[in-house]
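>>> Here is my input, please return the structure:
(chains A, B, C and D)
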2 protein chains.
Amino acid sequence: MPNSPPDNLELLRSEIASRYDELSPRLKQVASFVLDNPNDIALETLAVNANRCDVQPSTIVRFAKVFGYSGASEMQRLFRDEILAAAPSPSYSERIRQFQERSDTVDWLLPYNVMREFAESNIIALEHLRDAVRKDDLDRSLELMHGAHTIYLAGVRRAFPVAAYLAYSLSHVEKRAFLLDGIAGMTAEQSWMLGPDDLVIAVSFKPYASETMAVVERSSANGAPVIAISDSRLSPIAKDANVCFEIKDAEVRQFRSLTASMCLAQTLVISYAYKFGLDRSAEK
Amino acid sequence: MPNSPPDNLELLRSEIASRYDELSPRLKQVASFVLDNPNDIALETLAVNANRCDVQPSTIVRFAKVFGYSGASEMQRLFRDEILAAAPSPSYSERIRQFQERSDTVDWLLPYNVMREFAESNIIALEHLRDAVRKDDLDRSLELMHGAHTIYLAGVRRAFPVAAYLAYSLSHVEKRAFLLDGIAGMTAEQSWMLGPDDLVIAVSFKPYASETMAVVERSSANGAPVIAISDSRLSPIAKDANVCFEIKDAEVRQFRSLTASMCLAQTLVISYAYKFGLDRSAEK
DNA sequence: AAAGAATTGGAAAATATATTCTAAATTGTT
DNA sequence: AACAATTTAGAATATATTTTCCAATTCTTT
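Reported below is the predicted structural model:
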């Protein structure tokens, strides 16, 4: 009946709400189910949804047609897109893609624009981090940190600032922490000494550094637990890790940021300080 | 081959990660797509997912079988259930109520809350940065960077990661850059050598480090231009600086973040690369 | 370099799912 | 209470999607 059906979920929801009264009994059943269980509509088949609201599949099709769609599938598309676009986790890549498309038109020769673009994508990365980090991983990390006599930080090149920050701030909350900095090629030697009493936090991103891989492999073989901060579960350092954080940092035209990784690092240190609050002093 | 397939997403993910190496090339493609885009697997048809990772639909079926499922559909069920479980009963009004409740009292003993809180404040800091940085400061910085034969980075303690990042990424856009790292107490000696052809980018925050102050003073006296990244115009390193960025980083209960500073650092490097685009290679 | 093994692409078959259609049931009207 | 109009159930049909299977290709081994 309506000329053009609502083309986003929010519109559809209010349309359903406002026309609720004119609907027939069965269609009302469908209406309230649809409003209350968007995820079921998105993910389950017509048959099971029909069953859930105690209705025939064909009734749901009729419902969709009443609101102007060609069928239930077309309406379902809206619900699926909502999850893909706005859902907690991995709308991420899609958002980034859209964002980058949009930014194709900005003038990259103006530093001011670069700044704005960069701030924007870092914000997106942080939002993603906030929603995607798993409670459980954080808890387990804190336990590992608490149990460790000393924490060793591994990370070179792009990952180095993160490792350096961890070393610095951990020692400021009075946790013994050393940076495996590989000065004079010492890294290999240094990792010999690590054992079950210690903990390695290894940070490594895409073209994974062999130094960091070696540290993880060796210390893990010696029985030292490992927390990995990396960009993929498939990362070589994720393999042997007891906990692996998968961080999707912002990427703007080839350049990858560290914002999300730094934020995670801060979270680990501060949570640790609060939970086992030996510190008091904290960093100034 | 495996007796019983993983029956929850997390298990499946780690199973995929750990067996990644033994997979054939096409199956690897599928594996990383599956890990990176769980929502697509949950919501899109085999055909479109196959297309997205540039593979035949049948390959995805084979992938699912390798991990013990009867077919792709059975595996997809896991991904769908994950979404359904994440939002148990997201009735609209209920969701809003929960959201409003959330921000009232946060329990800081729960790392998860710390993470959320931290991400939020970093986002705010970035928004501030985006709006507060002066066009003119950026332009002048780029000119100084362009004019310099070599850029030297100064920053210790909390500021060290920022300086390290700048050194790393500048050299990746083919700008000569050295970190004045003060190893073996060399900082003083190193800064003797700086002159009008060089540039110092100094990073320093609240309890200002004397090392960094010394570098700025001495090199500036020798005629080297200085860009300061600091938290106040009154900072000792701002005095002698040609350009001073005043960065208000997030502060959560005593702990200061580096997010905004890192973002500014990235902006400088990337703008430089675009404007004077010597790079081409960039960082990978 | 050839033979065998494993992997892959793609079309055909099977299955699952959505849609249509008609007869039955319900509702409202006189 | 009878009739028309509307709504509904459910089987039949159409469509979409997945799965299977085999030929083509690529990789290994000798």
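>>> Which parts of the stretch 101-250 of chain A are strands?
Here the stretch 101-250 of chain A has its strands, by DSSP state E, counting those that start in this stretch, at A:151-154, A:177-179, A:199-204, A:226-230, A:243-246.
>>> so where's chain A shaky on pLDDT?
Filtered on pLDDT under 70, chain A yields the residue ranges A:1-3, A:86-110, A:182-192, A:253-254, A:277-284.
>>> Specify the angle between the longest helix along it and helix B:111-132 in degrees.
Ranked by residue count, the top helix of chain A under DSSP state H comes out as helix A:111-132. Orientation check (axes from the mean of the first three to the mean of the last three C-alpha atoms, to 10 degrees): helix A:111-132 against helix B:111-132 gives 170 degrees.
>>> any idea how far residue B:49 is from residue A:81?
Using C-beta to C-beta, to the nearest Å, we find residue A:81 at a distance of 15 Å from residue B:49. Bear in mind the C-beta positions are built from the backbone N, C-alpha and C, glycine included.
>>> Those two - which one has more neighbours?
A count of neighbours by other C-beta atoms under 10 Å in any protein chain shown puts residue B:49 above the other of residue A:81 and residue B:49, at 22 against 15.
>>> what's the more buried one in contact with, if anything?
Residue B:49 makes contacts with B:33, B:40, B:41, B:60, as judged by C-beta atoms under 8 Å, 6 or more residues apart in numbering or on different chains.
>>> In helices, which of these appear?
B:33, B:40, B:41, B:60.
>>> Nearest to DNA strand C, out of these: which one, please.
Nearest to DNA strand C out of those is residue B:60 (C-beta to the nearest atom of the strand; 10.1 Å).
>>> what's near enough to touch that closest one?
Neighbouring residues of residue B:60 by C-beta under 8 Å, 6+ apart: B:30, B:46, B:49, B:50, B:72.
>>> so who does the closest residue to DNA strand C within chain A touch?
Using C-beta to the nearest atom of the strand, the closest approach of chain A to DNA strand C is made by residue A:71 at 2.2 Å. Going by C-beta under 8 Å, 6+ apart, residue A:71 touches A:61, A:64, A:65.
>>> what's the helix or strand for the nearest residue to residue A:115 once chain neighbours are set aside?
Leaving aside its chain neighbours, residue A:115 sits nearest to residue B:267 (4.5 Å; criterion: C-beta to C-beta, 6 or more residues apart in numbering or on different chains). Residue B:267 is part of helix B:259-276, with elements assigned from DSSP states H and E.
>>> List the buried residues in that helix.
Neighbour-count burial for helix B:259-276, counted by 16 or more other C-beta atoms under 10 Å in any protein chain shown, picks out B:259-275.
>>> same question, stretch A:223-237
A:224-237.
>>> And for stretch A:33-47?
A:33-44, A:46.
>>> can I get those residues in JSON lines with distance to residue B:111?
Output for the buried residues of stretch A:33-47, formatted as JSON lines (distance: C-beta to C-beta, whole Å):
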{"residue": "A:33", "distance to residue B:111": "37"}
{"residue": "A:34", "distance to residue B:111": "37"}
{"residue": "A:35", "distance to residue B:111": "35"}
{"residue": "A:36", "distance to residue B:111": "32"}
{"residue": "A:37", "distance to residue B:111": "32"}
{"residue": "A:38", "distance to residue B:111": "30"}
{"residue": "A:39", "distance to residue B:111": "27"}
{"residue": "A:40", "distance to residue B:111": "32"}
{"residue": "A:41", "distance to residue B:111": "34"}
{"residue": "A:42", "distance to residue B:111": "31"}
{"residue": "A:43", "distance to residue B:111": "30"}
{"residue": "A:44", "distance to residue B:111": "34"}
{"residue": "A:46", "distance to residue B:111": "42"}
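>>> From these, list the ones also adjacent to chain B.
Among the buried residues of stretch A:33-47, the ones lying near chain B by C-beta under 8 Å from any C-beta of the partner chain are A:35, A:36, A:38, A:39, A:40, A:42, A:43, A:44.
>>> out of the residues you listed, which one sits closest to DNA strand D?
residue A:43 (12.2 Å).
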